[in-house]
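Novice: got a predicted structure plus its sequence, pasted below:
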Amino acid sequence: MEQFFLRQIQLWGKEKQASLQNKSIAIIGCGGLGTSLALALGASGIGKIYLVDFDEVSLHNIHRQIAFSLKDEGKKKVEVTKEVIESRSPYVEVKSFDETFEKFKKREISVNLLLDATDNLFARAKIDAYAKEMNIPWIYASVEEFQGQVCFMEKASFEAFEVSNHSPAGVIPPLVMLVAAFEASLALRYLVGLPVQKDKLYYLFFDGEGDFTVRSFLMPKE
């Protein structure tokens, strides 16, 4: 195991790396963000990963949902994502749930962190309500066109977002992976006990001139 995680051990030491084996996360959604999170975190040493999604792989998913290939069309996203994680690391227990978050939350599974990989604000509002009820932190993430948002939510009020039926516009795969990598990095820092800026919304975007910018805003608290 030490050789497998050598580069992370060089970063934060054996004790912190070993502590990850006692941590658990739930990834809500196995689409673009969710599959990128699976690749970023699935081989990190986290002991248990719960995957939640009720959808099947469609042809238009594959270009940006990097855990899937053409042979996976029609298969359940959670099952394919589970296989990908398990193929990359023997040190993680993965459980997949082919169901909505509404059904999953009734299981009251204890986790250290919830990771949002959904694609609508209604689902995120439900995650926020559940996280606060269960006193579990969660990370919000979204990506659309050439911009993305990430926030480690602890005491922030999700009412700052206008929950509506907004349909996601187009997106390029690299930006999905960029936002997921940021979300995964916050998750790992938190899980090993490194400092994390909480309740701060990061806004990442390319402007019309092609300049890449990251801005941050403190979220209002409840």
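Specialist: It's in.
Novice: where does the residue nearest in space to the middle of the chain land on pLDDT?
Specialist: Centroid check for the chain by CA atoms, centre = their mean gives Leu115 as the closest residue, at 4.0 Å. With respect to pLDDT, Leu115 scores 98.
Novice: sec struct for it, please.
Specialist: Of the three states, Leu115 takes strand under DSSP: H, G, I helix; E, B strand; the rest coil.
Novice: partner strands of the helix or strand encompassing Val214 and their direction?
Specialist: Using DSSP states H and E, Val214 falls within strand 212-218. Counting by DSSP bridges, the strands paired with strand 212-218 are strand 200-206 (antiparallel).
Novice: if we can go back for a sec, what does the strand holding Val214 rub up against?
Specialist: 197, 199-207 (CB atoms under 8 Å, 6 or more residues apart in numbering). Just so you know, the C-beta spots here come from the backbone N, C-alpha and C atoms, and that holds for glycine as well.
Novice: mind listing what the residue nearest to the centre of the chain touches?
Specialist: So Leu115 contacts 25-28, 37, 138-139, 141, 183, 187 (CB under 8 Å, 6+ apart).
Novice: could you give the average pLDDT over the top helix by length along the chain?
Specialist: Counting residues, the longest helix found in the chain (DSSP state H) is helix 173-192. Helix 173-192 comes out with an average pLDDT of 97.
Novice: mind checking how far Lys132 is from Leu201?
Specialist: Separation of Lys132 from Leu201 (CB to CB, to the nearest Å): 17 Å.
Novice: so what's the residue count around the residue lying closest to Pro195 once chain neighbours are set aside?
Specialist: What sits nearest to Pro195 in space, not counting adjacent residues and going by CB to CB, 6 or more residues apart in numbering, is Arg189, at 7.1 Å. Per other CB atoms under 10 Å, the neighbour tally for Arg189 reads 15.
Novice: correct me, but Arg189 touches Lys198?
Specialist: No. Between Arg189 and Lys198 there is no contact under CB atoms under 8 Å: 11.1 Å.
Novice: what about the helices in this protein?
Specialist: Using DSSP H, helices in the chain cover 6-19, 32-41, 77-88, 101-105, 121-134, 173-192.
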